[in-house]
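Novice: Pasting the sequence and the predicted coordinates here, then a few questions.
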Amino acid sequence: MASSKTIIAKYEKDGATFEIFVDSDLAQDYIQGKITDPLKPLEVEEVFKDAKKGERQSSEKIKKAFGTEDMAKIAEIILKKGEVPLTTDQRNRLIEDKRKQIISIIAKNSIDPRTNAPNPPLRIENALKEARVPIDPFKNPTEQIDEIVKKLSVIMPIKFATAKIDVIVPAEFANRCYGVLKQYGIKSEKWLSNGSLQATLEFPAGLQSEFFDKINKMTQGKVETKLIEN
């Protein structure tokens, strides 16, 4: 029954313990919403009071705790509300995934205050390593940003900022570019008498280089842009 990926998921209620054997990877897939069938992670459709000893939990206590003996509903509650341990490999993968998300958020929203240029992801990644910033695999990336930026600021100049830019797109490119401008956040817009589109955009400062590259390519460099000081 058990394999190297088998773990015990545990749920406690009213002083009783309810344990199930699950595949560690499939359990995480279910918790993260990658699969929807709560029975799929189960190695065996049994509820134990002590899984290691093979002692099954009584039907009476199961029904009292879960209000049902339907294994799918029981598994759903245990997996979503109980304790599901991570393997070392899973924990490392979660940390790496969170690290990438955090680097992306900081790169998009921050600048080097000395130059007002965006901070490249590689610079942020190296600073994270140098500062030995711990990443919480269970905490939302956005909830960790403030504390992480405080530690990074000791290693590198960093400032969260918003870019406000005036743009005039020539008439021949206006309709084609409108969707892209909208993606970056149009605060105001005006169609000029010659068919050109004048707009004011506001978006995270770290996206400036990306925006200028994209809009210049789309207009063959004929766009007019002006950075507005905040």
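Specialist: Received, thanks.
Novice: Helix or strand for the residue positioned nearest the centre of the chain, just tell me which one.
Specialist: Within the chain, the residue whose C-alpha comes closest to the C-alpha centroid is Gln101; the distance, by C-alpha atoms, centre = their mean, is 5.5 Å. Remark: Gln101 resides in helix 88-109, with elements defined by DSSP states H and E.
Novice: any idea how far the nearest residue to the residue nearest to the centre of the chain once chain neighbours are set aside is from Ala117?
Specialist: The shortest distance from Gln101 to any residue that is not its chain neighbour, by C-beta to C-beta, 6 or more residues apart in numbering, is 4.2 Å, and that residue is Pro141. In this view, the C-beta of every residue, glycine as well, is placed from N, C-alpha and C. When C-beta to C-beta, to the nearest Å is applied, the distance between Pro141 and Ala117 equals 23 Å.
Novice: quick one: which of these two has more around it?
Specialist: Neighbour tally, Pro141 and Ala117, criterion other C-beta atoms under 10 Å: the higher count belongs to Pro141, 19 against 13.
Novice: ok, Lys164 - how many residues close by?
Specialist: Residues lying near Lys164 (other C-beta under 10 Å) number 17.
Novice: what does the one 4 residues further on give?
Specialist: When counting by other C-beta under 10 Å, one arrives at 17 neighbours for Ile168.
Novice: I'd assumed it was in a helix, is it?
Specialist: No - assessed with DSSP: H, G, I helix; E, B strand; the rest coil, Ile168 is strand; it does not lie in a helix.
Novice: so who does it touch?
Specialist: Neighbour list for Ile168: Leu192, Ser196, Leu197, Gln198, Val223, Glu224, Thr225 [criterion: C-beta atoms under 8 Å, 6 or more residues apart in numbering].
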